[in-house]
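1. Fold the following.
(chains A and B)
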Amino acid sequence: EAGVAQSPRYKIIEKRQSVAFWCNPISGHATLYWYQQILGQGPKLLIQFQNNGVVDDSQLPKDRFSAERLKGVDSTLKIQPAKLEDSAVYLCASTNRAAFTDTQYFGPGTRLTVL
Amino acid sequence: LAKTTQPISMDSYEGQEVNITCSHNNIATNDYITWYQQFPSQGPRFIIQGYKTKVTNEVASLFIPADRKSSTLSLPRVSLSDTAVYYCLVGTSGNTPLVFGKGTRLSVIA
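-> Purely as a prediction, here's the structure:
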């Protein structure tokens, strides 16, 4: 079975620019998560989708971050405009159930560097 | 949300058994304990999950005492490839998100 796909793997931008990340979850997985992982820290949940609806976006900085999951499959996370502190790895994960105790399958992540 | 406390880092020689203990004093009745492993430049990977007593799979064992206020991940006979960060998470089913701490950085030495 194919894993969670993410692109690009690396991105370097200057502050105040915009950037978008793409995630394709495992086929059939209804739940999709975006995490932000700053160097030396554990992943922090940004947003959770159940199919194409948002379940939890309480930690998403909505003034600059946005995410969508069209048709309940692929998802895009956007940052506009980027700040220096947004430099991190952005991880996408999926699971086939809504329960948080169910195994989350993570993609390889996108490493963002904001200069 | 139940908070977890783990050692920041541990070192071990190849072939040894490694035990990583996680404290979760305010664990709720419905909470499960889940461990993930993360290699550099990769996303976390599920290792094992348990509710009480002992759980074993092909990768590790998880020991949970009766009071469930702590748990121990046991990795038998580690190899260099087990060098990674190990995260202990506590949570329940539903919409409450699992919270990753800083994890335990395990370094296996030849």
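2. Are we agreed that A:Gln41 is in a strand?
-> No - read with DSSP: H, G, I helix; E, B strand; the rest coil, A:Gln41 is coil and lies in no strand.
3. Tell me the pLDDT of it.
-> Looking at A:Gln41, its pLDDT is 92.
4. ok, the closest residue to it other than its chain neighbours - contacts?
-> Nearest residue to A:Gln41 in three dimensions, chain neighbours excluded: B:Lys102, at 5.9 Å (C-beta to C-beta, 6 or more residues apart in numbering or on different chains). Every C-beta, even on glycine, is put in place using the N, C-alpha and C of the backbone. By C-beta atoms under 8 Å, 6 or more residues apart in numbering or on different chains, the contact set of B:Lys102 is A:Gly40, A:Gln41, A:Gly42, B:Gln6, B:Ile8.
5. Show the pLDDT at B:Lys102.
-> Looking at B:Lys102, its pLDDT stands at 88.
6. May I ask which helix or strand encompasses the residue nearest to B:Val59 when sequence neighbours are not counted?
-> Leaving aside its chain neighbours, B:Val59 sits nearest to B:Ile47 (5.6 Å; criterion: C-beta to C-beta, 6+ apart). For B:Ile47, the element it lies in under DSSP states H and E is strand B:45-50.
7. all strands for chain B, in order.
-> For chain B, the strands defined by DSSP state E occupy B:9-13, B:18-23, B:32-38, B:45-50, B:53-56, B:61-64, B:70-75, B:84-91, B:104-109.
8. would TSV of the ones you listed with mean neighbour count be doable?
-> Formatted as TSV, these follow (neighbours: other C-beta atoms under 10 Å in any protein chain shown):
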stretch	mean neighbour count
strand B:9-13	13
strand B:18-23	18
strand B:32-38	23
strand B:45-50	18
strand B:53-56	13
strand B:61-64	19
strand B:70-75	20
strand B:84-91	23
strand B:104-109	17
